[in-house]
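*Asks:* Pasting the sequence and the predicted coordinates here, then a few questions.
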Amino acid sequence: MPCCLQDREWGEQLESSLRVGDSPDVCLAMHAWRCADAIERLNAAFASRNQRLPVFISLRGTDLNEMLEAPETRDRVLGILTESSGIIVFHPSGREALCRIDAEWRDRIRVIRNGATLPRSSVDYRARLGIGAQETVFLSIAGLREVKRPLMVLPWLVELHDANRGAQAVSYLHVGPALEPDVSRAFHEFRGRHSWMRHLEHVPHAEIDSVIRCADVFIAGSRSEGMPHAVCEAMLGGLPMLLSDIEGHRAMAVPDIDALFFSTRDDFLRQARRLINEPELRAVLARNAMERARENASGNREAKEYLEFFETVLSETADNGRRRQGCRKTG
């Protein structure tokens, strides 16, 4: 039986389960840094019983791009990776980056791309939010935290809005919870000055398809990414992408074929104007993005590859244990 960690609280729940004898066979931690406390507590709980829990780490974009670089987090993340039974990354470039840190990790690293599903739904979010039928809606889906840079694009969107009136009016919709108080406060203060900027704290996953279909362009301005689900879902939903030019996004889409990219204000405004004024470009980018996502982001494929990785590592560990036991007997 596998268990899954997403943060410290999940580790506390699993510790409670261990006390009543409900023990998992495998643990999958969905972040190295965010799950560090939970992983260490679980390892200690199993060690107290003279047992070892196989822990697999799904290394996210922030882990790989930032936590392994920052002096205050690097050593702890390295220790967790060194003690793990397996490491999962989204792209081959991630595996090579880890192997430059420690070449002995190579056999324990598996590349498994994120999977995504997008159930069909029929909620009319334009009507619900009072968005005009002719407005060009830019959409972002991301928690309000600094790594997602939700504040960066807001003044640029104001420039677009002020330059596009009437039939080409611009609206903005942001979906995502408040995760960092300072970022959330600044976001809401800015948004509150512009009635055409809307925010939804939470949308049920069963309705994400409707939110995506109410928009015309998807924006992702992150500073760092692995393989974000929101981008996968927007691609599956057939939205043209306007993405920050970072490695995680470039691993998901080819510039000018599957998406448009930006690094600066001028890039953003130029690309956004193209998407407003060229419906044929929007259609081509949307179609290409959907095809690429359908090929690369199968949720069933992702689950199958995780289970295969667990089984392979556990089988090899068991074989090694039997060989060591045989050596002791014959010695």
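*Replies:* In hand now; what should we look at?
*Asks:* Sketch out the strands for the stretch 1-150 of the chain, chain order is fine.
*Replies:* Here the stretch 1-150 of the chain has its strands, by DSSP state E, counting those that start in this stretch, at 2-5, 26-29, 55-58, 86-89, 109-111, 136-141.
*Asks:* Would you reformat these as CSV and include mean neighbour count?
*Replies:* Glycine gets a C-beta too; all of them are placed from N, C-alpha and C. Converted to CSV, those look like this (neighbours: other Cβ atoms under 10 Å):
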stretch, mean neighbour count
strand 2-5, 18
strand 26-29, 24
strand 55-58, 24
strand 86-89, 24
strand 109-111, 17
strand 136-141, 24
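*Asks:* now those strands in JSON lines, with distance to residue 36 and mean pLDDT?
*Replies:* Listed next are the strands of the stretch 1-150 of the chain as JSON lines, based on distance: least, Cβ to Cβ, whole Å; pLDDT from 0 to 100:
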{"stretch": "strand 2-5", "distance to residue 36": "10", "mean pLDDT": "56"}
{"stretch": "strand 26-29", "distance to residue 36": "9", "mean pLDDT": "89"}
{"stretch": "strand 55-58", "distance to residue 36": "10", "mean pLDDT": "93"}
{"stretch": "strand 86-89", "distance to residue 36": "14", "mean pLDDT": "94"}
{"stretch": "strand 109-111", "distance to residue 36": "19", "mean pLDDT": "93"}
{"stretch": "strand 136-141", "distance to residue 36": "27", "mean pLDDT": "97"}
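*Asks:* Go through the ones you listed and name the closest to residue 210.
*Replies:* When the strands of the stretch 1-150 of the chain are compared by Cβ to Cβ, strand 136-141 sits nearest residue 210, at 11.6 Å.
*Asks:* quick one: contacts of the helix or strand following the closest one?
*Replies:* Per DSSP states H and E, the first helix or strand lying C-terminal to strand 136-141 is helix 154-163. Outside helix 154-163, the residues that touch it by Cβ atoms under 8 Å, 6 or more residues apart in numbering are 138, 169-172, 187, 190-191, 194, 196-197, 265, 268-269, 272-273, 276.
*Asks:* one step back: make a markdown table from the strands of the stretch 1-150 of the chain and add distance to residue 223 to it.
*Replies:* Formatted as a markdown table, the strands of the stretch 1-150 of the chain follow (distance: least, Cβ to Cβ, whole Å):
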| stretch | distance to residue 223 |
| --- | --- |
| strand 2-5 | 25 |
| strand 26-29 | 23 |
| strand 55-58 | 20 |
| strand 86-89 | 19 |
| strand 109-111 | 23 |
| strand 136-141 | 14 |
